[in-house]
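> I need the structure of the sequence given here:
(one chain, ligands or ions: 1)
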Amino acid sequence: MPTIWMNGQLVSDKDAKVSVFDHGLLYGDGCFEGIRVYNGRIFKMTAHLERLYNSAEKLTLKIPYTIEQMADALREGVEANGTANAYIRPVVTRGYGNLGINPFQCEKPEVIVITATIQLYPQELYATGMKIITAKRPRVDRRALDPSIKSLNYLNNILTKIEAVKAGVHEAVMLNSEGNVSECTGDNIFMIKDGEVITPPPDAGILVGITRNFVLQVCRETGIPCSERNFKIEDLKAADEVFLTGTAAEIMSVTHIDDLQIGDGTPGPVTRRLLGEFRTRTGENAPED
Ligand code: PMP
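The predicted structure follows:
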């Protein structure tokens, strides 16, 4: 059973509890991160912690630890669980309050770091690629809810995930209110057209993924043309290759959208090359980042 870091202490998972009056539970008021540990190294830790602190700041939620203390908490959690390959879930909730929505009556956030394992997609899909659908439900408008806040309120994504699961697939691509491609329920989306790697820009209403940024960085370093720009679902369906990125998903080829085949229906050469780079850079001899 995993050991949990909670408010500065390591506790057993059965002692890691929050109140029923916690506004994280009552209102989804809080934020979180999902981070991977590969071969004992916490992948892109600083980028993830910066995003956590940004999410909290946008919620006017003050994390009562410095970023360096949180980094130590992550390391402690990994060490206590003795896992060289793991998934870390830092969670910050608004904390204990009354039944009113007002966050300012909550005095102390709960800060939790869960270290566990995750497997989102069946392993064989990394060789075959996967099918996704176009969601009927739009991505929540970015003016209504800033998508760069990785908040505890994932209902737009969860309702869309239900659509996907009912359609017999793992993911659904959401369009924004302008009709442009935005992202999937838990992954960013990329397409490759005529050798260029293209992904929607932040103002398409996406969470700016750490894995997404890593892929763009790899493209720039290895001379693969890439750009961030808006495109329509028709462009995505007419792409040569499509793939998803995410901390849990890593890089996942998409071979069909709404039963329409992409390219030759198998993971394409650029996607395979990027997955290869990802594996090398998270592998045993990878440098610290
Ligand atoms: N979009 C959404 C909505 C997400 O929840 C996630 C994280 N699972 C991503 C994109 C991918 O972000 P990252 O690469 O930082 O995990």
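
> ok, now which ones touch Lys232?
By Cβ atoms under 8 Å, 6 or more residues apart in numbering, Lys232 lies in contact with Gly179, Asn180, Val181. Any C-beta I mention is one placed from the backbone N, CA and C, and that applies to glycine too.

> Around the ligand, which positions in the stretch 101-250 of the chain sit nearby?
Applying Cβ under 6 Å from any ligand atom, one finds that the stretch 101-250 of the chain approaches the ligand through 157, 183, 186-188, 207, 209-212, 245-247.

> Would you map the helices across the stretch 151-289 of the chain?
155-166, 210-222, 233-237, 269-282 (DSSP state H, counting those that start in this stretch).

> Turn those into CSV, columns for mean pLDDT and mean neighbour count.
Shown next, in CSV, are the helices of the stretch 151-289 of the chain (pLDDT from 0 to 100; neighbours: other Cβ atoms under 10 Å):
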stretch, mean pLDDT, mean neighbour count
helix 155-166, 98, 16
helix 210-222, 97, 18
helix 233-237, 98, 15
helix 269-282, 96, 17
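
> now these in a markdown table, with distance to Thr93?
Shown next, in a markdown table, are the helices of the stretch 151-289 of the chain (distance: least, Cβ to Cβ, whole Å):
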| stretch | distance to Thr93 |
| --- | --- |
| helix 155-166 | 17 |
| helix 210-222 | 22 |
| helix 233-237 | 36 |
| helix 269-282 | 30 |
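
> looking at those helices, which is closest to Thr255?
helix 269-282 (9.8 Å; Cβ to Cβ).

> For whichever residue of the stretch 1-150 of the chain sits closest to the ligand, which residues are in contact?
Residue nearest to the ligand within the stretch 1-150 of the chain: Gly34 (5.5 Å; Cβ to the nearest ligand atom). Contact partners of Gly34, counting by Cβ under 8 Å, 6+ apart, are His48, Tyr87, Ile88, Arg89, Ile118, Thr247, Ala248.
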